[in-house]
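Asks: The following comprises the amino acid sequence and a computationally predicted model.
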Amino acid sequence: MWSTTGIFSLARAFGASVRRLAQSRRGVAAIEFAFIAPVLLVLYFMTMEVSQAIETNKKVGRAASMIADLITQQPTTSKSELDAIMQIGLATMQPYNRSQLAIYITGVQISNDATAKATVAWSREMINGTTGPNPDLPVGKETTVPTELKIAGTFLVRVQSKLDYRPVITWTADAKQTLGLLSAFDNINMAEQYYLRPRMSDSVSCSDC
């Protein structure tokens with residue numbers, strides 16, 4: 001049997017423990033950190049990923065611009081030269097290497113007809129590191145160019161660069177099976193296109209394209 005004195009002593013001890021717990025801030029700080037830490041981590045990784053995506057998108061445009069600039073600085077070119085220039089453009093994407101840049105180069109001749117037509121003079125592409133002629137743009141096929149650039153008797157070099165950007169958060173072998181909704185952000189399409197005119201001559205011919 002508990003005596004009255006023993007019951008009061010137990011109650012006082014319990015009350016003192018409750019007061020000490022209520023006055024302690026260590027437990028509150030731990031709980032707050034447990035709630036805030038995941039949010040801070042998510043914000044950190046999102047900021048890092050967005051900044052990397054923006055920088056990679058800039059490199060996609062920079063690669064297309066640089067390739068077009070190098071080609072238009074010479075009066076003639078060849079398959080090997082075009083392939084080497086595309087490799088240079090590919091190198092500008094480093095250190096990003098989660099997917100490969102696709103590059104499409106087309107020499108476009110504008111006819112002297114009353115109604116000027118744009119036709120393919122030559123073409124070259126690099127997809128997954130493999131180079132070759134663009135099967136969709138054989139020599140002589142009519143192609144499209146912006147109206148303001150369709151000037152009779154002129155020549156254009158068109159360079160297109162495309163990249164399926166893969167964020168770090170989705171870059172795993174079985175990403176689509178394990179990441180659920182995050183798989184919607186896999187393969188973000190990035191692309192850029194440039195038209196430049198030859199600088200050293202009226203056109204840029206390709207001897208063996």
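Replies: Noted; the coordinates are in hand. Quick caveat, the model's predicted, so the values are computed rather than measured. Numbering: from 1, shown residues only.
Asks: Against T92, how distant is E49?
Replies: 20 Å (CB to CB, to the nearest Å). Just so you know, the C-beta spots here come from the backbone N, C-alpha and C atoms, and that holds for glycine as well.
Asks: ok, now M46?
Replies: For M46, the distance to T92 equals 26 Å [CB to CB].
Asks: Quick check on the two: which one has the bigger neighbour count.
Replies: Neighbours around M46 and T92, counted as other CB atoms under 10 Å, are more numerous at T92. The numbers are 16 against 12.
Asks: so where do the helices sit in this protein?
Replies: 4-23, 26-71, 79-91, 175-178 (DSSP state H).
Asks: The second one - contacts with which helices or strands?
Replies: It refers to helix 26-71. The contact analysis (3 or more CB pairs under 8 Å, 6 or more residues apart in numbering; DSSP states H and E) places helix 26-71 against helix 79-91, strand 102-110, strand 155-165, strand 188-196.
Asks: Run the chain-centre distance for that helix.
Replies: 13 Å (CA atoms, centre = their mean, to the nearest Å).
Asks: That helix versus strand 102-110: what angle between them?
Replies: Between helix 26-71 and strand 102-110, the angle comes out at 30 degrees (axes from the mean of the first three to the mean of the last three CA atoms, to 10 degrees).
Asks: what's around E142, how many residues?
Replies: E142: 10 surrounding residues under other CB under 10 Å.
Asks: Run through the residues that contact it.
Replies: 117-120 (CB atoms under 8 Å, 6 or more residues apart in numbering).
Asks: just the buried members of those?
Replies: 118, 120 (16 or more other CB atoms under 10 Å).
Asks: Quick check: strands, which of the contacts of E142 are part of them?
Replies: The strands, defined by DSSP state E, take in 118-120 from the contacts of E142.
Asks: I'd like those residues laid out as a markdown table, including pLDDT and distance to D83.
Replies: Below are the ones in strands among the contacts of E142 laid out as a markdown table (pLDDT from 0 to 100; distance: CB to CB, whole Å):
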| residue | pLDDT | distance to D83 |
| --- | --- | --- |
| A118 | 96 | 24 |
| T119 | 96 | 23 |
| V120 | 97 | 18 |
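Asks: Tell me the one of those nearest R197?
Replies: A118 (13.2 Å; CB to CB).
Asks: distance of that closest one from I36?
Replies: Relative to I36, A118 is positioned 58 Å away (CB to CB).
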